[in-house]
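K.L.:
Here is a sequence with its predicted model. Questions after.
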Amino acid sequence: MASWVRPLRLPEEYRLLVTSDVHGNLSLLQSLLRASRFGPEDHLLVLGDLIDKGWESSAQCLRALFRLQEENGNVHLLQGNCDNTDWMFALEDEPFWRLATQRRGGLLRHWALEDGLPLERERVGELRQGLLRAHGREMERLRGLPYALETEDFLFVHSGVKTPDYRNTPPQLLAKFNDFFSLARPIGKWVVFGHMPANNFQRDGRMTPYVDKGRKLIAIDGGNAINRFGQLNGLLIEKRAGELFFETIFADAHGRARALRSVSGLERKDCAATSYLDGRIERVLSENAHFVLCSLKRSGRRSYIKREWLRRQDGELVSTHACPQALLRLREGEEVYLCEGGLSGFDLAKKMDGQLGWVEKGVLAPVMEGTPHKT
């Protein structure tokens, strides 16, 4: 059986920028390229989820990525679970129409708007056929993107692989394997993957890339377009004289704020941030005006959850958003990203090194748009 894992040949010495889960947000990708000082001899690898779910045009982003690949043979694209459009066209008319016209940042919607195709429910047949006629070649190109690439030192994949027999992983798992991190065993080389935001694997909930040195795993999805404090992560890999060097960067679209006074902060090391994987509540332990201390069902850890983010779903109490635990320590004049300013009592902020936490209302004053920063 042919493997879905393809070889990628890199020179003996190279500089490679790896990112993932762009989700159509072209401006963040451009910021990341500038922050990395990406040059004509460098390599770029995007680990899938090129489109959909973002706030910009997936159509424009996809054209830009394809054009970049055509102009530079050092640009490599993988496909993720958001990139294959075949299943969309297999839907009945009603769900297809909803997906094609209402999906946030959706590729089909942006194509239809650009082409002037009808968006009315009663003309869904025209919409479907118009998209197939106008964009069949682009859909075929998406369908042909590899699921995983392998070098001497690395395996790059959107979501995960079966280990240790990773070369026989079926494509559906390469594109969507939510439990990969918990099940993964070492394969003798680094596995760099996206799909699941890195905060799922970090006790403090930060979105910067997470490295498991023991198993040689690097989670690089920064939650861009998915999480309210998400960012587009980049992993810079350089190989010189046979040795590997790593550096992380990120691009962030949040506005900036400046601390009007110093605050001491609080780390709460005995608590863990909630996440997509660990957001169901076992029981409520205590509460105050702004936070509820809960025991998490999956991990058994304790977590302070913002009152506005607690909801009852299907008979269970859940945290609707990933919830950091720390109260940030800030110096007067220090700048942060302001991720959420509309909650009671506290603002949610991100320091320039990626640390997330809460800041009491009245400490932060907005100043400017966000820019990419190195960690």
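P.N.:
Sure, I can see it.
K.L.:
Which residues are in contact with the nearest residue to Phe346 once chain neighbours are set aside?
P.N.:
Closest residue to Phe346 apart from its sequence neighbours, by C-beta to C-beta, 6 or more residues apart in numbering: Trp358 at 4.3 Å. C-beta coordinates here come from the backbone N, C-alpha and C atoms, glycine included. By C-beta atoms under 8 Å, 6 or more residues apart in numbering, the contact set of Trp358 is Pro324, Ala326, Leu327, Leu328, Phe346, Asp347, Leu348, Ala349.
K.L.:
switch the cut-off to 7 Å
P.N.:
Pro324, Leu327, Leu328, Phe346, Leu348 (C-beta atoms under 7 Å, 6 or more residues apart in numbering).
K.L.:
Of these, which is the nearest to Ala253?
P.N.:
Among the contacts of Trp358, Leu348 lies closest to Ala253 (C-beta to C-beta), at 14.8 Å.
K.L.:
Specify the beta-bridge partners of Arg6.
P.N.:
Leu149 (DSSP bridges).
K.L.:
residue farthest from the centroid of the chain?
P.N.:
Glu122 (35.5 Å; C-alpha atoms, centre = their mean).
K.L.:
wait, is that one part of a helix?
P.N.:
Yes - assigned with DSSP: H, G, I helix; E, B strand; the rest coil, Glu122 falls within a helix.
K.L.:
what about Arg215, how many neighbours?
P.N.:
14 (other C-beta atoms under 10 Å).
K.L.:
let me fix that: Arg307
P.N.:
Neighbours around Arg307, by other C-beta under 10 Å: 14.
K.L.:
Just to check, it is in contact with Val292?
P.N.:
Yes - Arg307 is within contact range of Val292, at 5.9 Å (criterion: C-beta atoms under 7 Å).
K.L.:
picking that back up, identify the bridge partners of the residue nearest to Phe346.
P.N.:
Leu327, Leu348.
K.L.:
measure it to Ile305 for me?
P.N.:
Note on Trp358: its distance to Ile305, by C-beta to C-beta, to the nearest Å, is 11 Å.
K.L.:
go on, Leu131?
P.N.:
Distance, Leu131 to Ile305, using C-beta to C-beta: 42 Å.
K.L.:
Next: Ser36.
P.N.:
According to C-beta to C-beta, Ser36 and Ile305 sit 36 Å apart.
K.L.:
How about Tyr276?
P.N.:
14 Å.
K.L.:
do the same with Leu348
P.N.:
Distance from Leu348 to Ile305, counting by C-beta to C-beta: 12 Å.
K.L.:
Could you do Gln30 as well?
P.N.:
Counting by C-beta to C-beta - Gln30 and Ile305 are separated by 35 Å.
K.L.:
From the neighbour counts alone, determine which of those two ranks first.
P.N.:
Taking neighbours as other C-beta under 10 Å, Gln30 and Ile305 compare with Ile305 leading, 25 against 15.
K.L.:
check contacts around that one.
P.N.:
Going by C-beta under 7 Å, 6+ apart, the list of residues near Ile305 reads Thr274, Phe291, Val292, Cys294, Ser319, Cys323.
K.L.:
Near the fourth one, how many other residues are there?
P.N.:
Looking back up the chat, that one is Cys294. Cys294, neighbours per other C-beta under 10 Å, totals 27.
K.L.:
Kindly report the same for the second one.
P.N.:
As a burial measure, Phe291 scores 20 neighbours (other C-beta under 10 Å).
K.L.:
Burial check on the nearest residue to it once chain neighbours are set aside, number of neighbours?
P.N.:
Excluding its sequence neighbours, the residue lying closest to Phe291 (C-beta to C-beta, 6+ apart) is Tyr304, at 4.4 Å. Tyr304 has 24 neighbours, counted by other C-beta under 10 Å.
K.L.:
Please state the offset of the helix or strand that contains Tyr304 from the chain centre?
P.N.:
Using DSSP states H and E, Tyr304 falls within strand 302-306. Taking C-alpha atoms, centre = their mean, to the nearest Å, one finds strand 302-306 lying 23 Å from the centre of the chain it belongs to.
K.L.:
And stretch 19-31, by the same measure?
P.N.:
10 Å.
K.L.:
Show me which positions of that stretch end up buried.
P.N.:
For stretch 19-31, burial by neighbour count (16 or more other C-beta atoms under 10 Å) applies to Thr19, Ser20, Asp21, Val22, His23, Gly24, Asn25, Leu26, Leu28, Leu29, Ser31.
K.L.:
Would you mind measuring from Gly106 to His290?
P.N.:
36 Å.
K.L.:
That's all I had, so thanks and see you.
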